[in-house]
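A.B. asks: next one to model:
(2 chains)
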Amino acid sequence: MMLTGAQILVKVLLEQGVDTVFGYPGGAVLYIYDELYKNSDSIVHYTTCHEQGACHAADGYARATGKTGVVFATSGPGATNLVTGIANAYLDSVPLVAITGNVSTDLLGRDSFQEVDITGITMPITKHNYLVKDVSVLADTLREAFHLAQSGRPGPVLVDIPKDVQIGSAEYEPPSNNVSSKKAPQVNEDMLNQAALLISKAKRPYIYCGGGVVGAHASEELMRLADKVDAPIGLSIMGLSTVPYSHPRFLGMVGMHGRYGATKALYECDLLIAVGVRFSDRATGNKSEFTKDRKVIQIDIDPAEINKNIDVTTALIGDTKTILQALNSTIETYSHPEWMERIRYIKEHPDNSLEMDPRALTPQSIIEGACVKNGKNVVCTDVGQHQMWTTQYYRFTKPRTFITSGGLGTMGFGMGAAVGASIGRGNARTLLFTSDGSFHMNMNELATAVSNKLPIVIVMLDNNALGMVRQWQKLFFDGRYSQTSLERQTDYVKLAEAFGAAGFYAETVEEYGQCLEKAYQCDGPALIHCRIDNDMRVLPMIPPGGSINDIILK
Amino acid sequence: MQSQQFIVSLLVNNHSGVLTRVSSLFSRRAFNIDSLTVGTTNDPKISRMTIVSWGDDRMKDQISKQLQKLQDVHKVQLMDSEKIVVRELMLVKVRLEKGMLPELMEAVNTYRANVVDLSTSSMSIEITGETPKLNAFLEFISQYSIIEMARTGPTAIGRNTYCLKDDDDPINDEEN
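C.D. replies: Sure thing, here's the model as predicted:
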């Protein structure tokens, strides 16, 4: 059947089971949008306020559902506006397919109106990208793009489609199952036995897990491993929510703003079993201290992660779930009562406490309060102090319920991500923690939430400053607060109302409780503006490049 | 860890943009690159690249693994310097003055180079070999006036059974 490029694109989306896309129309994607219009009963397109928001929404959608997020943008500025969103998905290994229009192939390279080399621009932040110059290869290119985005270590893939390729026609043939891809490595028996041997010799094992466990849907296997090995579990930011907060082995997040107990216990272990983590500098601090006096087993789907940031003793490469299953059936069940006693001691140690004044409206009371109301719904964050406080105080219960910009640290990620997450779960109630700094970056997407009546509760921690940078200025720059005092005069309640959302304001714990009640009764988005103290710091903190010995507790 | 120079050979898709992807990876990952040569192979769909790089063992390992992840890269091999033949080509044009010709010809013959162009005022010499030989020739020829020169950078091939194509090569698999 002869179809145009735009028709082929929609056909392939349907083949791939795509029913939800995000994007923003424009001159170079008119033909694609015309086909989306004709197929609006099978594919729902959500128009955001800005392409960056669309990209974060597709990202949030992918994280909340486990499916591949799809985002559309026009050529030129539409495409460049996606860049931060694509980089964000790349650093957090989120499956995403970005489809951009471009000027016709005969106009490429001539600085035509709204022309940019988006494949060149996104080369270092995509798993792969394509500029499709021939409509006859469009279908297979798109299929390969979807396959790549979700296979192996997931990530973003961009397909740039010039206008004449959208218009031109080609024979459309259904998929042939012949998508070329790199082979997933098989579990190596020798390595498996080596790992089992290390586990059998360990006296103080510790499991450190991250986003790779979420991606592989391997939480159950991970907790089983912890039980068999008799080890506590510390998590990277991307790993939070894989293990419930209430789980007896849960220690919390490791690293710069991690829990004292999680980092302290890691530094005391003799065997570190790292699962789906990439040893970011924010997690490890001083890398040689991090691995000194302990063996390390690393489990990851990406061979390039092995020995990238730290040297490991043994590596198991492949699908995390498969490896954990194999490991669980290989090893015996161990018991380390002394080590567990030590873990209990560390957990109950006063230094592991994060208690703030319960009478004041603090990050703790704000986050814990909203957590109770939010239950098993998704929680998203922006980036900065409020994000770290969320990692500390929020009681995660289920995988894929915590959506945050871990690797890129994108301020302005939250609003778009919350829109995508809510849509991904059938317009479900979603909680977003944000701050005055982050919210001002991409608050426009509040309009998207209103247009689509998404029940998103936005809890804004307003300290009238760029708190995280301010904290560093206080600690490392003698309190010279260069450009971090915001002095915004924004009336957030009026602002929310002007957007068509509900707005509430809280200064005390009581007021906040009432605001939460009202916000959780709203059918559409509701914003709660919470005033917090300007000098609140996220503690504990291990300064960059430091170790547990450098931890700042007070 | 000690830094050392090494050669990486790649089989890649013969598409536009593949060279950019490979060189962009080197810049993004802060890998070092001394030279890069590329040309098509007997299979017109496949090009072969020879990259001379340097770094410690960690970087060597990362270069190989990160290149492997590129969709357009079929095969990556860190070449074992004991098992390969390395060649580089250099063209150098020197100013010719009265009485210099016999001396230059002697140098050309000693180094088993070739004269590829001769005029009343200049001589162009082609020389191939391993990099140290080219450097030595260049040093010798520097006593004359060099007008211009061009080097290709080394390219390499394994001896005997040491090949870039092997059984678990994805290219061969696709054909099966």
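
A.B. asks: and residue B:49, what are its phi and psi?
C.D. replies: With angles defined as degrees, to the nearest 10, residue B:49 sits at phi -110, psi 140.

A.B. asks: just for chain B, where's the confidence low?
C.D. replies: Along chain B, the model assigns pLDDT under 70 to residues B:1, B:166-176.

A.B. asks: so the residue of the stretch 301-450 of chain A found nearest chain B, which of the three states?
C.D. replies: As assessed by C-beta to the nearest C-beta, chain B sits closest to residue A:304 within the stretch 301-450 of chain A, at 3.8 Å. Just so you know, the C-beta spots here come from the backbone N, C-alpha and C atoms, and that holds for glycine as well. Under DSSP: H, G, I helix; E, B strand; the rest coil, the three-state class of residue A:304 is helix.

A.B. asks: the closest residue to it other than its chain neighbours: what's it in contact with?
C.D. replies: Closest residue in space to residue A:304, ignoring its immediate chain neighbours: residue B:65 at 3.8 Å, by C-beta to C-beta, 6 or more residues apart in numbering or on different chains. By C-beta atoms under 8 Å, 6 or more residues apart in numbering or on different chains, the residues touching residue B:65 are A:303, A:304, A:306.

A.B. asks: my guess is the last one meets residue A:298, correct?
C.D. replies: Yes. Because the distance of 5.8 Å satisfies C-beta atoms under 8 Å, residue A:306 is recorded as touching residue A:298.

A.B. asks: buried residues of the one helix or strand the residue nearest to residue A:304 maps to, list them for me.
C.D. replies: Element membership for residue B:65, per DSSP states H and E: helix B:57-69. By 16 or more other C-beta atoms under 10 Å in any protein chain shown, the buried positions in helix B:57-69 come out as B:59, B:60, B:61, B:62, B:63, B:64, B:65, B:66, B:67, B:69.

A.B. asks: okay, the angle between the helix or strand following it and helix B:57-69?
C.D. replies: Toward the C-terminus, helix B:57-69 is succeeded by strand B:73-78 as the next helix or strand (DSSP H and E). Counting by axes from the mean of the first three to the mean of the last three C-alpha atoms, to 10 degrees, strand B:73-78 lies at 160 degrees to helix B:57-69.

A.B. asks: who does whatever helix or strand comes next after strand B:73-78 touch, helix- and strand-wise?
C.D. replies: The helix or strand immediately downstream of strand B:73-78 is strand B:84-95, counting by DSSP H and E. Counting contacts by 3 or more C-beta pairs under 8 Å, 6 or more residues apart in numbering or on different chains; DSSP states H and E, strand B:84-95 packs against strand B:122-129, helix B:131-141, strand B:146-151, strand B:155-158.

A.B. asks: quick one: strands adjacent to strand B:84-95?
C.D. replies: Here strand B:84-95 has these sheet partners by DSSP bridges: strand B:122-129 (antiparallel), strand B:146-151 (antiparallel), strand B:155-158 (antiparallel).

A.B. asks: need the ones you listed in CSV with mean neighbour count, can you?
C.D. replies: Shown next, in CSV, are these (neighbours: other C-beta atoms under 10 Å in any protein chain shown):
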stretch, mean neighbour count
strand B:122-129, 18
strand B:146-151, 13
strand B:155-158, 18
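
A.B. asks: out of these, which is closest to residue A:32?
C.D. replies: With C-beta to C-beta, the closest approach to residue A:32 among the strands paired with strand B:84-95 belongs to strand B:155-158: 44.1 Å.

A.B. asks: run the chain-centre distance for the closest one.
C.D. replies: Remark: strand B:155-158 is offset 8 Å from the chain centroid, using C-alpha atoms, centre = their mean, to the nearest Å.

A.B. asks: who's in contact with that strand?
C.D. replies: Residues outside strand B:155-158 that contact it (C-beta under 8 Å, 6+ apart): B:7, B:9, B:37, B:39, B:50, B:79-80, B:83-88, B:164.

A.B. asks: next one: stretch A:361-368
C.D. replies: A:354-356, A:358, A:385-386, A:389-390, A:392-395, A:433, A:459, A:461, A:506-509, A:511-512, A:530-533, A:536.

A.B. asks: just stretch A:545-554 next, same as before
C.D. replies: Under the criterion C-beta under 8 Å, 6+ apart, residues A:260, A:263-264, A:266-267, A:281, A:285-286, A:289-290, A:351, A:475, A:539-543 lie in contact with stretch A:545-554.

A.B. asks: buried ones in that stretch, by neighbour count?
C.D. replies: For stretch A:545-554, the neighbour count (16+ other C-beta under 10 Å) marks A:547, A:548, A:551 as buried.

A.B. asks: likewise for stretch A:222-236?
C.D. replies: For stretch A:222-236, a neighbour-count test (16+ other C-beta under 10 Å) marks A:222-223, A:225-226, A:228-236 as buried.

A.B. asks: can you check stretch A:309-327 too?
C.D. replies: Neighbour counts over stretch A:309-327 (16+ other C-beta under 10 Å) mark A:309-310, A:312, A:314-327 as buried.

A.B. asks: could you do stretch A:130-143 as well?
C.D. replies: For stretch A:130-143, burial by neighbour count (16+ other C-beta under 10 Å) applies to A:130, A:131, A:132, A:133, A:135, A:138, A:139, A:140, A:141, A:142, A:143.

A.B. asks: do the same with stretch A:436-456
C.D. replies: Under the neighbour-count criterion of 16+ other C-beta under 10 Å, stretch A:436-456 has A:436-439, A:441-452, A:454-456 buried.

A.B. asks: residues from chain A in reach of chain B?
C.D. replies: Contacts of chain A with chain B, taken as C-beta under 8 Å from any C-beta of the partner chain, map to A:119-120, A:123-124, A:127-128, A:131, A:148, A:180, A:182-183, A:302-304, A:306-308, A:311.

A.B. asks: list only those of the residues you listed flagged as buried.
C.D. replies: Buried residues within these, defined by neighbour count using 16+ other C-beta under 10 Å: A:119, A:123, A:127-128, A:131, A:148, A:182, A:302-304, A:306-308.
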